[in-house]
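S.K.: build me a structure from this.
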Amino acid sequence: EGGAAAAEAAAAEAAAKEEQEKQEQEQEEASRRLVSVRQARRSITRFHVADRIEIEGEGFLRLVVRGDSFLYNQIRLMMGGALAVSNGALPLWALEASLSDPLSSDALRSTKGGHALRLSL
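M.R.: Predicted structure coming up:
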């Protein structure tokens, strides 16, 4: 009887320890994800119009954007959105919404005329 009670106590203690280790591991993983999100700041360090060129009678601007940690196609979407608003193809509120809520950027992806945007590194 005494041995069975001791075995049950040991099993309960092992289960409690295992549960505690699992919780600590989950907290550590959550902390790593939070640090990763905090480090994912994106910043523009320079933005200017480099020059104006003409191709087949049409005027183009060469814009230079420098920064770090950009997402795939982020600059292309930002420029496309600004151009779409300036050309009347996209309402300003849609561009503002895409800046405040990253998930609403589908409006920018659907704008036409992206063929004129070229990324060069």
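S.K.: center of this protein - which residue?
M.R.: L71 (5.9 Å; CA atoms, centre = their mean).
S.K.: can you give me the strands for this structure?
M.R.: 43-55, 58-68 (DSSP state E).
S.K.: what sits up against the shortest one?
M.R.: I take that to be strand 58-68. 42-54, 75, 79, 116 (CB atoms under 8 Å, 6 or more residues apart in numbering). The C-beta positions use only the backbone N, C-alpha and C, and glycine is treated the same way.
S.K.: of those residues, buried ones?
M.R.: 75, 79 (16 or more other CB atoms under 10 Å).
S.K.: how about L90: what's its closest non-neighbour residue?
M.R.: In space, and not counting its chain neighbours, L90 is closest to A84: 3.7 Å by CB to CB, 6 or more residues apart in numbering.
S.K.: can you pull the pLDDT of that neighbour?
M.R.: For A84, the model assigns a pLDDT of 85.
S.K.: start at 169 instead
M.R.: All set: I'll call the first residue 169, so the last point we hit is now A252.
S.K.: okay, now L258: neighbour count?
M.R.: The tally of other residues near L258 (other CB atoms under 10 Å) stands at 21.
S.K.: which stretches of the protein form helices?
M.R.: Applying DSSP state H to the chain gives helices spanning 170-207, 242-254, 260-268, 274-277.
S.K.: columns distance to R234 on top of the ones you listed, output as TSV?
M.R.: As requested, the helices of the chain are exported to TSV (distance: least, CB to CB, whole Å):
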stretch	distance to R234
helix 170-207	19
helix 242-254	10
helix 260-268	20
helix 274-277	21
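S.K.: most tightly packed of the ones you listed?
M.R.: Mean neighbour count, computed with mean count of other CB atoms under 10 Å, is highest for helix 242-254 among those, reaching a mean of 18.
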